[in-house]
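Structure of the sequence below:
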Amino acid sequence: DLQYGQLREAAVSCGSKVVSFGFGEQADVRAVDVVPAPGGGSLVTAKIGGILGDHSLCFTVAEPGKHWVSNALAILAAVRAVGGDLAAAGLALAELKGLDGRGKRHRIELKNGGKVLLIDESYNANPVSMRATLAQLAAERCEGKKIVVLGAMGELGDKSEYYHRTLADDIIASGAQTILLVGDEMAYTSARLAELASEKLDRTLEITHVAGSSDSDISTILTSVAEGFGGDDILLVKGSNYLGLARVVSALVSGEY
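Numbers count the residues shown, from 1 in each chain. I've put the predicted structure just below:
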């Protein structure tokens, strides 16, 4: 997209060929229409520029969310750059599902007969990916509660407090009702959530902050999550990998809780 103009200019000055992707009119590979797919994911119509003019490609992205569409466009841009088979690439994207820690979805059966959709984003977190994932959570249809287990974002330097405080606004916008925060820096998020909770909201927030990520801390998180399940809920787990939030996912998927 156009915010990368400086990088584009530098690449061109070095003699590199640049193929752009995104949602803007000037992108070489751009999405012109995105609608939800009946079985999940997205149906995308893309315009792909070439020496013979633009042509259209319709394809399915296996997982839902604008960020997944953006990733798919990046793949198609790479295929176009090397002269690969765009039609074959479009078909393959329908099979490219989320991996462990990177968007994989689990359906958990509860003892009370209910079901929980667990979205595993436990491998990494930064301000951009947090916002994208929470935006997708906001778009998810949910008959029960939306629950989030979010870990601190590392390596943000002197901007850490700012990014962790502003994360609270994205959490509110996601529709989450039960919010479990892990890591020291999440104290900033917790404080900002408390401020927002004192304002007029259409729901009550349940906020828990655990500073550490020891096995005991993870056990506390798991107990809180499991006791809060009511059936037909959605649980999102996301955080920097050093916190080990994959332990939360593993325990719930294996039926330990």
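
now the one helix or strand L57 maps to, how far from the centre of its chain.
Using DSSP states H and E, L57 falls within strand 55-61. Chain-centre distance of strand 55-61: 22 Å, with Cα atoms, centre = their mean, to the nearest Å.

ok, and what's touching the helix or strand just after it?
Following strand 55-61 in sequence order, the next helix or strand is helix 66-81 (DSSP H and E). Here helix 66-81 makes contact (Cβ atoms under 8 Å, 6 or more residues apart in numbering) with 17, 19-23, 27-31, 34, 41-42, 44, 46, 48, 50, 57, 59, 61-62, 84-86, 89-90, 93, 96, 103, 129, 132-133, 135-136. Glycine gets a C-beta too; all of them are placed from N, C-alpha and C.

For ChimeraX, write the selection for the buried entries among the residues you listed.
Here is the ChimeraX command that selects the buried residues among these (16 or more other Cβ atoms under 10 Å):
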select :19,20,21,22,27,28,29,30,31,41,42,44,46,48,57,59,61,62,86,89,90,93,96,103,129,132,133,136
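
Can you flag which of the contacts of helix 66-81 belong to helices?
Judged by DSSP state H, the contacts of helix 66-81 include 86, 89-90, 93, 129, 132-133, 135-136 as members of helices.

Can you lay out those as CSV showing pLDDT and distance to Q6?
Below are those laid out as CSV (pLDDT from 0 to 100; distance: Cβ to Cβ, whole Å):
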residue, pLDDT, distance to Q6
L86, 94, 29
A89, 97, 29
G90, 96, 31
L93, 96, 30
S129, 97, 22
A132, 96, 22
T133, 97, 27
A135, 97, 26
Q136, 96, 29
